[in-house]
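K.L.:
Have a look at this fold, sequence not included:
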């Protein structure tokens, strides 16, 4: 699913690998195609519209859900945004009708809300997460959220961060996103990775770890990335 | 005389007079807003007084241009047209135009009303104006922060189409699968327009498309040709859904540049060569929509040709300014499909261009800049000379371009004035300015001051 300007995440991951001389190969998995858990080191799971979300959910109910779980257990990185995040949880309960099946890789559930949570969002990222990557320049992440589903976290996950500005998972508990092991989910669009290069690099190094062990990534010139990061944070303060 | 309507009309007219006297704006929304507060059925009542009938035009991209092309053709036929002002496409915009054109006692002298309406407002505009013809050009992702999802629009459009009776006419784009499918849901007489010149098509869909799934069974569609974004010749590999047969088309596009286009128009009444003073494949779609609508109401091919030839670009949509011997052209960009279309039009030519991109994120622009990542800018890599970035989200634009390895920035500055002045000064002969909506308003103001009001085209 890729309805929402999240294509930037894919561009970001492949470019940042390429700039370091790491060859990255991209495959697109659509409904009906089988996931190959041995082949891929990093998965991106974006958001879709209602109808597509239903179709993807029933696809995951078949073998693809099992295969994705296998990949995660073998330490492949799975990064999801919005609709993808919801389907990595246990279920999504719409306003009417049956709950949508989720893979259960993240210990979260999502229920439909009646208010759309829209706007710029800034979070303070979980300390444990960023310690492995370059976080001297910022411990925040910035993005744009647009969801009506409210996500609630269970004990098996930690929130990706604490909401400084915006709504986050459910607009009540000030948490945003969730992670467990190498599986990550959040509501940040923007696209999120280009504007948060520390987090993008964290995903890349975790993905490399699976095959090559601990690797220190070559530092890139991220002047423009941090400029966009900082000006996006400044934008959340002024709305004119 | 209807007392409520009469009061609403008076208040609307007085408001408009007052606003104009204060010199605040063109009074394109407020008079209608107040008049509608007094008589919510004002649009319905006044629409009945239009001499012939109304035409409603909607879709994500090109509705302003299509409406103006159509008006130009209809005027060529000798008919008097009433229309709403560019961008004033909510119900209050229609009400404002009606209040303005009606006499103090509600008499309307115009033959045909042409209303461009916002996608979400279209159903209510149709129920209020009861148009003889409804034109739907395309459905792209516009501003998700405002509408939620495309699915929702598609649902309300389907409902509107299904309510049209067989005396009504529905003009739809056959190349946009989601729009074409509306033709199966209505009793109205349907005219399809589309491009059939497969030599201009691309081989594959762009990486991100808004509507590549079959509207019936959600299977990914198979494309034989792609013209603009998800518009092209398609077929569902699983069910019976396929590209409908076109009523009006072009199978021969002879010339296409950023500034002009030439193509062979094919209709049931015969063929003719069309010359447009606007360029880009997307403007050929707009012209086809206008031509099809004209033909459905019985306008001759000759007047269609003449009307289209007279058409000039509208407000902010390819507008030109002449400053210090340099030509500054404005190309409004407001969503991924529109931005891609402009990029592909500008950079298919051989020469390198000086470009200024201005991105704002106010409500009228869409507060979420994610959409920039759905545009492929890589074609600019070898085709830009000087590159200036401005607007509240100039840094986001710089970042986006960097990841398509376009990074020869001459200047990145949030301030419009500074960037525009430098851009005009440092460009060679022409500067191509690509602003979002509110950035366009600011830049227009600055350019008008710089050029002392010397401009070629204006709305």
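P.N.:
Perfect, I can see it now. This is a predicted model, so every value here is computed, not measured.
K.L.:
Contacts only, for residue B:186.
P.N.:
Counting by CB atoms under 8 Å, 6 or more residues apart in numbering or on different chains, residue B:186 touches B:161, B:162, B:164, B:170. All C-beta spots, glycine's among them, are computed from the backbone N, C-alpha and C.
K.L.:
Isn't residue B:267 up against residue B:250?
P.N.:
No. Counting by CB atoms under 8 Å, residue B:267 does not reach residue B:250; the two are 10.0 Å apart.
K.L.:
So these two - more neighbours on which side?
P.N.:
The residue with more neighbours, out of residue B:267 and residue B:250, is residue B:250; 25 against 20, by other CB atoms under 10 Å in any protein chain shown.
K.L.:
ok, the closest residue to that one other than its chain neighbours to chain A distance?
P.N.:
Leaving aside its chain neighbours, residue B:250 sits nearest to residue B:263 (4.4 Å; criterion: CB to CB, 6 or more residues apart in numbering or on different chains). The gap separating residue B:263 from chain A is 32 Å, by CB to the nearest CB, to the nearest Å.
K.L.:
And residue B:263, its phi and psi?
P.N.:
Main-chain dihedrals, residue B:263, degrees, to the nearest 10: phi -150, psi 160.
K.L.:
Near chain A, which residues of chain B? Just list them.
P.N.:
Residues of chain B lying close to chain A by CB under 8 Å from any CB of the partner chain are B:141, B:144-145, B:148-151, B:207-208, B:210, B:213, B:218, B:220, B:336, B:361-362, B:367-374, B:392-393, B:395-396, B:398-400, B:402-405, B:407, B:412, B:414.
K.L.:
Filter these down to the buried ones and express that as a PyMOL selection.
P.N.:
With 16 or more other CB atoms under 10 Å in any protein chain shown as the criterion, this PyMOL line picks the buried residues out of the residues of chain B next to chain A:
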select buried, chain B and resi 141+144+145+148+149+150+151+208+210+213+220+336+361+362+367+368+369+370+371+372+373+374+392+393+395+396+398+399+400+402+403+404+412+414
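K.L.:
quick one, strands of chain A?
P.N.:
For chain A, applying DSSP state E gives strands covering A:42-45, A:77-81, A:91-93, A:100-101, A:108-125, A:140-153, A:161-165, A:175-176, A:178-180, A:183-186.
K.L.:
Kindly reformat these as JSON lines containing distance to chain B, mean pLDDT and mean neighbour count.
P.N.:
As requested, the strands of chain A are exported to JSON lines (distance: least, CB to the nearest CB, whole Å; pLDDT from 0 to 100; neighbours: other CB atoms under 10 Å in any protein chain shown):
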{"stretch": "strand A:42-45", "distance to chain B": "13", "mean pLDDT": "95", "mean neighbour count": "23"}
{"stretch": "strand A:77-81", "distance to chain B": "10", "mean pLDDT": "96", "mean neighbour count": "27"}
{"stretch": "strand A:91-93", "distance to chain B": "15", "mean pLDDT": "95", "mean neighbour count": "19"}
{"stretch": "strand A:100-101", "distance to chain B": "15", "mean pLDDT": "92", "mean neighbour count": "20"}
{"stretch": "strand A:108-125", "distance to chain B": "5", "mean pLDDT": "94", "mean neighbour count": "19"}
{"stretch": "strand A:140-153", "distance to chain B": "4", "mean pLDDT": "95", "mean neighbour count": "23"}
{"stretch": "strand A:161-165", "distance to chain B": "13", "mean pLDDT": "96", "mean neighbour count": "19"}
{"stretch": "strand A:175-176", "distance to chain B": "17", "mean pLDDT": "98", "mean neighbour count": "24"}
{"stretch": "strand A:178-180", "distance to chain B": "21", "mean pLDDT": "97", "mean neighbour count": "21"}
{"stretch": "strand A:183-186", "distance to chain B": "14", "mean pLDDT": "97", "mean neighbour count": "26"}
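K.L.:
Number of residues surrounding residue B:291?
P.N.:
Counted with other CB under 10 Å, residue B:291 comes out at 29.
K.L.:
which residue sits closest to it, ignoring its sequence neighbours?
P.N.:
Per CB to CB, 6+ apart, closest to residue B:291 is residue B:304, 5.0 Å.
K.L.:
pretty sure the one you found is touching residue B:295, no?
P.N.:
Yes. Using CB under 8 Å, residue B:304 is in contact with residue B:295, at 7.0 Å.
K.L.:
Run through the residues that contact the spatially most central residue of chain A.
P.N.:
In chain A, the centroid-proximal residue (CA atoms, centre = their mean) is residue A:80; its distance is 3.3 Å. By CB under 8 Å, 6+ apart, residue A:80 lies in contact with A:44, A:45, A:46, A:87, A:88, A:183, A:184, A:185, A:186.
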